[in-house]
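**Student:** Return a 3D structure for these sequence lines:
(one chain, ligands or ions: 1)
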Amino acid sequence: MPVSGKLPYDNSNIFARILRGELACNKIYENEFAFSFHDIYPQAPIHALVVPKGKYVSFSDFGATATAEEVTGFIRAVALITKKLSMEDSGYRIIANMGQYGHQEVPHLHMHILGGCQLSHRLALTDS
Ligand code: AMP
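**Tutor:** As a prediction, the model looks like this:
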């Protein structure tokens with residue numbers, strides 16, 4: 001079920017638990033400000049998630065309140081992960097769902113990085 005991206009931060013959300021090492025994940029990369037792992041239910045041949053290490057509920061929250069250092073560290077990590085996953089030449093799509101209409105399910109900001117096949121011209125993930 002989608003959640004509100006405007007609620008106060010909930011320390012028990014799944015990605016907070018992954019960041020604390022309480023839940024296992026298939027890790028791709030981490031730096032001081034970001035942590036990345038494979039989505040447990042991939043919706044494309046490559047489906048990575050990138051979360052900031054700070055406690056940000058949503059893109060709006062992060063954009064409005066994160067420090068310049070956190071924003072830079074996070075965006076640099078996203079770019080580096082696309083390189084690490086060899087997606088730069090073929091291309092990829094980045095999505096951050098926010099709140100109910102965006103169908104955000106986990107209330108900790110995350111970027112979806114999707115690729116590994118031709119995605120739809122619409123913002124659906126595939127044509128099927
Ligand atoms: P969203 O709808 O944007 O909040 O996306 C949440 C994403 O988290 C979905 O694509 C889920 O498949 C993914 N997800 C949920 N639990 C886990 C988990 N334990 N490890 C990796 N990905 C997860």
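
**Student:** shouldn't residue 90 be in contact with residue 115?
**Tutor:** Yes: counting by Cβ atoms under 8 Å, residue 90 touches residue 115, with 6.5 Å between them. Where you see a C-beta, it was placed from the backbone N, CA and C, and this is true even at glycine.

**Student:** the more surrounded of those two?
**Tutor:** Taking neighbours as other Cβ atoms under 10 Å, residue 90 and residue 115 compare with residue 115 leading, 21 against 11.

**Student:** what pLDDT does that one get?
**Tutor:** Residue 115 is assigned a predicted lDDT (pLDDT) of 98.

**Student:** Which strand or helix spans residue 72?
**Tutor:** Using DSSP states H and E, residue 72 sits within helix 68-84.

**Student:** Now do the helices in the chain.
**Tutor:** 14-19, 59-65, 68-84 (DSSP state H).

**Student:** Any buried residues in the helix holding residue 72, and which?
**Tutor:** 70, 73-74, 77-78, 80-82 (16 or more other Cβ atoms under 10 Å).

**Student:** Point out the other elements, helices or strands, that that helix touches.
**Tutor:** strand 27-30, strand 34-38, strand 46-52, helix 59-65, strand 111-115 (3 or more Cβ pairs under 8 Å, 6 or more residues apart in numbering; DSSP states H and E).

**Student:** between that helix and strand 111-115, how big is the angle?
**Tutor:** Orientation of helix 68-84 against strand 111-115 (axes from the mean of the first three to the mean of the last three Cα atoms, to 10 degrees) gives an angle of 20 degrees.
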